[in-house]
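Novice: Could you work out the structure for the sequence below:
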Amino acid sequence: MKRKNLSSVVFYLGLIILMITGLSQAQTPGVLPVQYEELTAVQFEAALNQAYQTCIIPLGIIEKHGPHLPLGTDLLSVRALATTAAEKEYSIVFPPYFVGQIYEAKHQPGTVAYSPDLVWNYLQETCDELSRNGIKKIILVNGHGGNNYFLGYFCQAQLASRKNYAVYLFKPTEDTEMSKKIESMRKTKVDGHAGEMETSGMMKTHPDLVHMDLAGTQNGEDQNRITGLPDTYVGIWWYAKFPNHYAGDGRAADKKFGELLFINEVDQLIKMIKAVKQDTMVLKLQDQFYKGTENPLKTEQ
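Specialist: Below is the predicted model of the structure:
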């Protein structure tokens, strides 16, 4: 009888230990979801603390990607990059974001191109709402080339009026050694939108969505249809070069090449996230700047 009681005590003690261990693990910061939409409201506060009030917005788009890649290629790729990096250096990752500049692809089926005002306001209000929820450091990770000019200006325009948060744009620097390695692996000379590199990346992150049998069914060569305009920029430049919204040849893609590209970018983003989480200067300088704009004649440096 005593042995039986002892066994019962041991059993229940073991059960209690397992429950405590499970509870402890559930509350361990490392097991919090990185994706914003997967967090509960209770978990959100813990996520804010672990992320040092940092959130990543991976920006994609909905557009044609040659004849062989999905319309959401940029959206899918950049989220894979952001979530992979955030799992290694914790940060909250905003839900799928597909509102951006894509007017150059409106002639292609499936493209979703919102008005300039909506594109701007959507991102601004998203940042404002993140700040209202306690996020003070917002990292923009761009997955779409058409956003390059827009996002740079968006960051600069944050100085137009007082903000209690800072926006950081991920701009990976060129690694000479890595660039040489990439060039040694490339098989094509013209390589851009839906070409060798982008297709290789999708073969790494979303191989089930790559239709290699279709990659050669359209022309991705540079048509170069505007000549005689030196030192000139025009909005129609992309259409003049690549009317099929396809730049390069996806048939040359290789999964190992994609893995190299992906790992390299993930490593760079991890370093950036870590630095942003530790940064105290940007918000301090912004606040100093905003005070100066209220009375420029009395600004102290």
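
Novice: Going along the chain, name the helices of the stretch 101-250 of the chain.
Specialist: 116-132, 148-157, 176-185, 196-205, 237-241 (DSSP state H, counting those that start in this stretch).

Novice: Those: which one's closest to A41?
Specialist: Proximity to A41 (C-beta to C-beta) singles out helix 116-132 among these, at 14.4 Å. Just so you know, the C-beta spots here come from the backbone N, C-alpha and C atoms, and that holds for glycine as well.

Novice: and the angle for the closest one with helix 148-157?
Specialist: Comparing the axes of helix 116-132 and helix 148-157 via axes from the mean of the first three to the mean of the last three C-alpha atoms, to 10 degrees yields an angle of 50 degrees.

Novice: Remind me what helix 116-132 packs against, helices and strands.
Specialist: strand 54-59, strand 137-142, helix 148-157 (3 or more C-beta pairs under 8 Å, 6 or more residues apart in numbering; DSSP states H and E).

Novice: Would you mind giving the ones you listed as CSV with mean pLDDT, distance to A275 and mean neighbour count added?
Specialist: Output for these, formatted as CSV (pLDDT from 0 to 100; distance: least, C-beta to C-beta, whole Å; neighbours: other C-beta atoms under 10 Å):
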stretch, mean pLDDT, distance to A275, mean neighbour count
strand 54-59, 98, 11, 26
strand 137-142, 98, 10, 24
helix 148-157, 97, 16, 14
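
Novice: With respect to V234, which of those lies nearest?
Specialist: Across the helices and strands packed on helix 116-132, closest to V234 is helix 148-157 (C-beta to C-beta), at 13.6 Å.

Novice: so which helix or strand takes in G292?
Specialist: Using DSSP states H and E, G292 falls within helix 281-294.

Novice: can you pull the buried residues of that helix?
Specialist: Buried residues in helix 281-294, counted by 16 or more other C-beta atoms under 10 Å: 283, 286.

Novice: Does anything pack onto that helix? Which helices or strands?
Specialist: Right, helix 281-294 is packed against strand 166-169 by 3+ C-beta pairs under 8 Å, 6+ apart.

Novice: what about this structure, any weak spots by pLDDT?
Specialist: Scanning the chain for pLDDT under 70 picks out 1-30, 299-301.

Novice: okay if I get the helices and strands packed on helix 116-132 as CSV plus distance to D175?
Specialist: Output for those, formatted as CSV (distance: least, C-beta to C-beta, whole Å):
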stretch, distance to D175
strand 54-59, 21
strand 137-142, 18
helix 148-157, 20
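
Novice: sorry, back to before: need the helices of the stretch 101-250 of the chain in JSON lines (columns: distance to G216).
Specialist: Shown next, in JSON lines, are the helices of the stretch 101-250 of the chain (distance: least, C-beta to C-beta, whole Å):
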{"stretch": "helix 116-132", "distance to G216": "34"}
{"stretch": "helix 148-157", "distance to G216": "28"}
{"stretch": "helix 176-185", "distance to G216": "20"}
{"stretch": "helix 196-205", "distance to G216": "12"}
{"stretch": "helix 237-241", "distance to G216": "19"}
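
Novice: out of those helices, deepest packed?
Specialist: Across the helices of the stretch 101-250 of the chain, averaging neighbours per residue (mean count of other C-beta atoms under 10 Å) puts helix 196-205 on top, at a mean of 24.

Novice: For that one, which helices and strands make contact with it?
Specialist: Applying 3+ C-beta pairs under 8 Å, 6+ apart, one finds that helix 196-205 contacts helix 73-88, helix 255-278.

Novice: closest to E294 out of the helices of the stretch 101-250 of the chain?
Specialist: Comparing the helices of the stretch 101-250 of the chain by C-beta to C-beta, helix 148-157 comes nearest, at 18.1 Å.
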